[in-house]
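Participant: Based on what follows, work out the 3D shape:
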Amino acid sequence: MDSGAAWGTDSREAIMAAAASVAASAAAITAIFGGSESADADPPEFGDADPLRQFGNDCLDGLAEVTRAEAGMAALKVHLAAGYAGAAEAIAVPPGSPQENTAQEMAVVAEVACVLTVSERAAGALLAESQTLTKHLPLTLSALQAGSISWQHARIVCDETTGLDPAGAAALEAHFLDPDAVNLARGCPAGELIPSRFRYRARTWRERHHPVSIEKRHAKGLQDRRLEYTPDRDGMAWLSAYLPAGQAAGIWDRATTAARAMQGPDEPRTLTQLRADNAANWLLGGVTEGTPSPKAQVLLTVPVFSLLGLTDEPATLDGYGPIPASMARELIADGADSFHRVLTDPRDGAPLEIGRTSYRVPTAMRQWLRIRDGKCPFPGCNNHSLDNEADHLLAWADGGTTGITNLGQPCHKHHRLKHTSAWRPTPATQNKPPGWTSPTGRRYQSENQDWEPPAWPHLPTMPGNGKSRSASVFLKKRATPGVRHEVD
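Facilitator: Here you go, the predicted structure:
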């Protein structure tokens, strides 16, 4: 068998396997509602359970199977698109020039676009992603075909591995998708995170492990900072700024804090409207009468060695993700008291200590909640920690204590959900936020922080004996006064 025939056989087998996965999901959906029985069979019995409740549970199970079937269908589409592109390339006459090569690629894209009734741009993206998944991201394609991640998750892996070498791309997908990986991501499996949260996780990992340091990439990005103005309909316009993350986060949290301070029974404007009005007032003429101008309250998590300048490991800005170590050191050295410094343990990356020198400092426990949870702990919620409300998991009136293991920080919407419905939070731990139990009894995990052990610095050798000083000795000599390795 020649190589072309072998390639065709492999491709056919992959397509048949993907089709079988879709068929299995369809069969599972049919079985849920008793469709596999004969037409003369009696209707399915619900047993002692409430028939409507049972029917509702069956619908939820069906939705879960449909989601898996959609993922399997996406994997099948990937195999078919990659298969057609490979066959077309094998059939075509080898191009004699770059122009001929481009023409052949355009012909393939146009064919796929017409078959799918989509734009050529969308068809080109599908073909590019199909090539990436079939050739370079086997774990991602397998997870998609099995239905454990969605097509959106698979596209995110394609996006976030762009620019990484093969080893880097393999390490990223292994971190999230290989159960046997040494440094498997903590918390929810990738497929249980909504796509936006998975993108945040994948981007954070990429920033930490990119072969080009974040310092160099940030220096390049800094040259592109700008303010943009775009007219819109109905007498409105967009004003956006591309800024260093520290400045942008400070501006956002300052505007949010001011807006929250203005809310009340006599204030008809929403939080979003107040935030926009305050920013406009500050930009046009300073602070107007009646408009508060508080400082922001942003958590800045910094590895100890990075703060001391021994490594260039990224710090983490609450609500944003990794930022260059130089930016973090600058914010702290310049006395930017809007930023709460959080040092992390050089052994495992867990928080060590919370700074207490900034304006209007929250309580230590409230800040610990912000570190532990990072956002509202309800699955899929993106509300940042600053906007959330500390809440007893077991109510104080029912004997609940005010301790970190009995506290969560749900946003206003999900705090209200807890008190007005049958949704209930599950127990928390010192380092794990509470999950949730739905009215139907299903349990959903919250998203854990994906801390990683910081990089240890390469320390200079001691004069005379050629031996390296220990990190602990070096740390003691360089330790910042007042920094404690405990949390009150």
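
Participant: measure the residue lying closest to Leu141 once chain neighbours are set aside to Gln223 for me?
Facilitator: The shortest distance from Leu141 to any non-neighbouring residue, by C-beta to C-beta, 6 or more residues apart in numbering, is to Leu133 (4.5 Å). Heads up, the C-betas are built off the backbone N, CA and C, glycines and all. Distance from Leu133 to Gln223, counting by C-beta to C-beta, to the nearest Å: 34 Å.

Participant: on that earlier part again, look at the residue nearest to Leu141 and say how many residues are nearby.
Facilitator: 26 (other C-beta atoms under 10 Å).

Participant: can you pull the contacts of it?
Facilitator: Val78, Ala82, Thr140, Leu141, Leu144, Ala154, Cys158 (C-beta atoms under 8 Å, 6 or more residues apart in numbering).

Participant: Okay, and it sits in which element?
Facilitator: helix 120-136 (DSSP states H and E).

Participant: For that helix, buried residues please.
Facilitator: By neighbour count on 16 or more other C-beta atoms under 10 Å, the buried set for helix 120-136 is Ala123, Gly124, Leu126, Leu127, Glu129, Ser130, Gln131, Thr132, Leu133, Thr134, His136.

Participant: helix/strand/coil for Asp450?
Facilitator: Following DSSP: H, G, I helix; E, B strand; the rest coil, the label given to Asp450 is coil.

Participant: Tell me how many other residues crowd it.
Facilitator: Applying other C-beta under 10 Å, I find that Asp450 has 20 neighbouring residues.

Participant: quick one: it from His175, how far?
Facilitator: Distance check for Asp450 against His175: by C-beta to C-beta, it reads 9 Å.

Participant: Overlap of the contact sets of the two?
Facilitator: Ala185, Trp205.

Participant: close enough to count as contact, Pro433 and Lys375?
Facilitator: No. Checked against C-beta atoms under 8 Å, the pair Pro433 and Lys375 is beyond contact range at 9.0 Å.

Participant: Where does pLDDT dip in the stretch 251-400 of the chain?
Facilitator: When residues are selected by pLDDT under 70, those of the stretch 251-400 of the chain lie in 286-298, 319, 333-365, 385-388, 396, 400.

Participant: picking that back up, what about burial for the contacts of Leu133, which qualify?
Facilitator: Applying 16+ other C-beta under 10 Å to the contacts of Leu133 flags Val78, Ala82, Thr140, Leu141, Leu144, Ala154, Cys158 as buried.

Participant: now the angle from the helix or strand hosting the fifth one to helix 120-136?
Facilitator: Element membership for Leu144, per DSSP H and E: helix 138-146. Between helix 138-146 and helix 120-136, the angle formed by their directions is 110 degrees, by axes from the mean of the first three to the mean of the last three C-alpha atoms, to 10 degrees.

Participant: So His274 versus Glu267, what's the distance?
Facilitator: To be clear, residue 274 is Leu; His isn't right here. Counting by C-beta to C-beta, the separation of Leu274 from Glu267 is 7 Å.

Participant: And the two? Which one has more around it.
Facilitator: Leu274 (20 against 12).

Participant: next structured bit after the biggest helix by length in the chain?
Facilitator: The longest helix of the chain (DSSP state H) is helix 51-91. Toward the C-terminus, helix 51-91 is succeeded by helix 98-116 as the next helix or strand (DSSP H and E).

Participant: can you state the direction angle for that next one and helix 51-91?
Facilitator: Angle of helix 98-116 versus helix 51-91, following the same axes, to 10 degrees, is 150 degrees.

Participant: ranges for the helices of the stretch 251-400 of the chain?
Facilitator: For the stretch 251-400 of the chain, the helices defined by DSSP state H, counting those that start in this stretch occupy 271-285, 304-307, 325-333, 364-373.

Participant: Please list the residues outside the third one that contact it.
Facilitator: If I follow you right, that is helix 325-333. Applying C-beta under 8 Å, 6+ apart, the contact partners of helix 325-333 are 215, 218, 244-246, 300, 302, 306-307, 309, 311-315, 339, 341.

Participant: Need the buried ones from the residues you listed selected in PyMOL.
Facilitator: Buried members of the contacts of helix 325-333, defined by 16+ other C-beta under 10 Å, are picked up in PyMOL with:
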select buried, resi 218+244+245+246+300+302+306+307+311+312+313+314+315+339+341
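
Participant: Show me the strands in the stretch 201-350 of the chain, by range?
Facilitator: Ranges of strands in the stretch 201-350 of the chain, per DSSP state E, counting those that start in this stretch, are 226-231, 237-242, 298-303, 315-317, 321-323, 339-344.

Participant: As JSON lines, the ones you listed with distance to Cys114 would be great.
Facilitator: Below are those laid out as JSON lines (distance: least, C-beta to C-beta, whole Å):
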{"stretch": "strand 226-231", "distance to Cys114": "34"}
{"stretch": "strand 237-242", "distance to Cys114": "35"}
{"stretch": "strand 298-303", "distance to Cys114": "50"}
{"stretch": "strand 315-317", "distance to Cys114": "46"}
{"stretch": "strand 321-323", "distance to Cys114": "40"}
{"stretch": "strand 339-344", "distance to Cys114": "54"}
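
Participant: do you know which of those lies nearest His392?
Facilitator: strand 298-303 (22.3 Å; C-beta to C-beta).

Participant: could you say what helices and strands whatever helix or strand Glu13 lives in packs with?
Facilitator: Per DSSP H and E, Glu13 falls inside helix 3-32. Using 3 or more C-beta pairs under 8 Å, 6 or more residues apart in numbering; DSSP states H and E, the elements in contact with helix 3-32 are helix 51-91, helix 138-146.

Participant: what's the average pLDDT for the longest one?
Facilitator: Averaging the model's pLDDT scores along helix 51-91 yields 91.

Participant: Arg197 is in contact with Asn382, isn't it?
Facilitator: Yes. Counting by C-beta under 8 Å, Arg197 touches Asn382, with 6.9 Å between them.

Participant: higher neighbour count, the two?
Facilitator: With neighbours defined as other C-beta under 10 Å, Arg197 and Asn382 compare such that Arg197 has more, 18 against 13.

Participant: In contact with that one, which residues are there?
Facilitator: Neighbour list for Arg197: Gly380, Asn382, Glu447 [criterion: C-beta under 8 Å, 6+ apart].

Participant: State the pLDDT value of it.
Facilitator: 89.

Participant: Next one: it from Ser142, what distance?
Facilitator: Computed as C-beta to C-beta, the Arg197 to Ser142 distance reads 22 Å.

Participant: what does Ile91 give?
Facilitator: According to C-beta to C-beta, Ile91 stands 28 Å off from Ser142.

Participant: Have a look at these two and say which one is more surrounded.
Facilitator: Ranked by neighbour count (other C-beta under 10 Å), Ile91 and Ser142 place Ser142 first, with 15 against 8.
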